[in-house]
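J.: kindly return the folded structure for what I paste below:
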Amino acid sequence: MKILFFILGLSITSINLSAQVRDSTFQYVEIEAGATIPVGNLKNTMNIAPNIGLWLRQPYAEKSIWACGFSFNFPKKTTFQYIKDEYETETKSFSGVIGFRLDKKYTLNKAKNIDLIWSSVLGYGMYLFDDVRARAEYETWSKSKKDKEDKPVFIKPFSTIHVAQGLQLQIQDFGLQARYNYAPYEAFSDIIDNRFGAHSVTVGLFYRQ
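T.: Sure thing, here's the model as predicted:
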């Protein structure tokens, strides 16, 4: 969660900087909508899920744009088993990334209203689940311990590093996009292994303003 707050803080800073140097000809806000398609083992955990995203953009160089924001998915709940304990639980209907994106823009026509953009994303990836092991441990607490300490949070994220590469075709303010995502959810968890899955592709539309 500290990583999440840090990235959000940087996002707010970026918004303030954008406001100070705003150029009326540049499109600072990008909204995306589409679907995220699981690939490989992730197909056993996640269905094809609706996707939405918001990116705040800032010019960096002549053909480079920095952006910060998020891209969230809303998959169906799916059951899975812990790898070292005999617990079965379920994922929750929320996953995605919060982070940064670097765009490289290539103009395709003389009117300069059709662009091809190569995007690289780096951020904090998460997939929510219900930690039933923590629930079971909480039930073993003594009454005095329960009275003294706050009740734990049982809906937790599988937290990981999220990296992605994508292509966008923009015509004026609208466009099409496809992005490959890699989020190794098992990397920082003792609950799941690589059978949970890590690969997906996000496709859809975007609008810039």
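J.: tell me what the helix or strand hosting residue 97 is packed against?
T.: When secondary structure is defined using DSSP states H and E, the element that contains residue 97 is strand 88-107. Where contact means 3 or more CB pairs under 8 Å, 6 or more residues apart in numbering; DSSP states H and E, strand 88-107 is packed against helix 2-20, strand 49-61, strand 64-73, strand 79-81, strand 114-130, strand 155-171. C-beta: built from backbone N, CA, C; applies to glycine.
J.: which neighbouring elements make contact with the third one?
T.: Contacts of strand 64-73 with other secondary structure elements, assessed using 3+ CB pairs under 8 Å, 6+ apart, are made with helix 2-20, strand 29-39, strand 49-61, strand 88-107.
J.: what angle separates that strand from strand 88-107?
T.: Counting by axes from the mean of the first three to the mean of the last three CA atoms, to 10 degrees, strand 64-73 points 150 degrees away from the direction of strand 88-107.
J.: that older thread, reformat the helices and strands packed on strand 88-107 as JSON lines; add mean pLDDT, mean neighbour count and distance to residue 198.
T.: As requested, the helices and strands packed on strand 88-107 are exported to JSON lines (pLDDT from 0 to 100; neighbours: other CB atoms under 10 Å; distance: least, CB to CB, whole Å):
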{"stretch": "helix 2-20", "mean pLDDT": "48", "mean neighbour count": "13", "distance to residue 198": "18"}
{"stretch": "strand 49-61", "mean pLDDT": "95", "mean neighbour count": "17", "distance to residue 198": "15"}
{"stretch": "strand 64-73", "mean pLDDT": "97", "mean neighbour count": "20", "distance to residue 198": "14"}
{"stretch": "strand 79-81", "mean pLDDT": "96", "mean neighbour count": "13", "distance to residue 198": "14"}
{"stretch": "strand 114-130", "mean pLDDT": "97", "mean neighbour count": "19", "distance to residue 198": "9"}
{"stretch": "strand 155-171", "mean pLDDT": "97", "mean neighbour count": "18", "distance to residue 198": "8"}
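J.: the ones you listed: which one's closest to residue 31?
T.: When those are compared by CB to CB, strand 49-61 sits nearest residue 31, at 5.8 Å.
J.: pairing partners for that closest one, with directions?
T.: Paired strands of strand 49-61, with direction, are strand 29-39 (antiparallel), strand 64-73 (antiparallel) (DSSP bridges).
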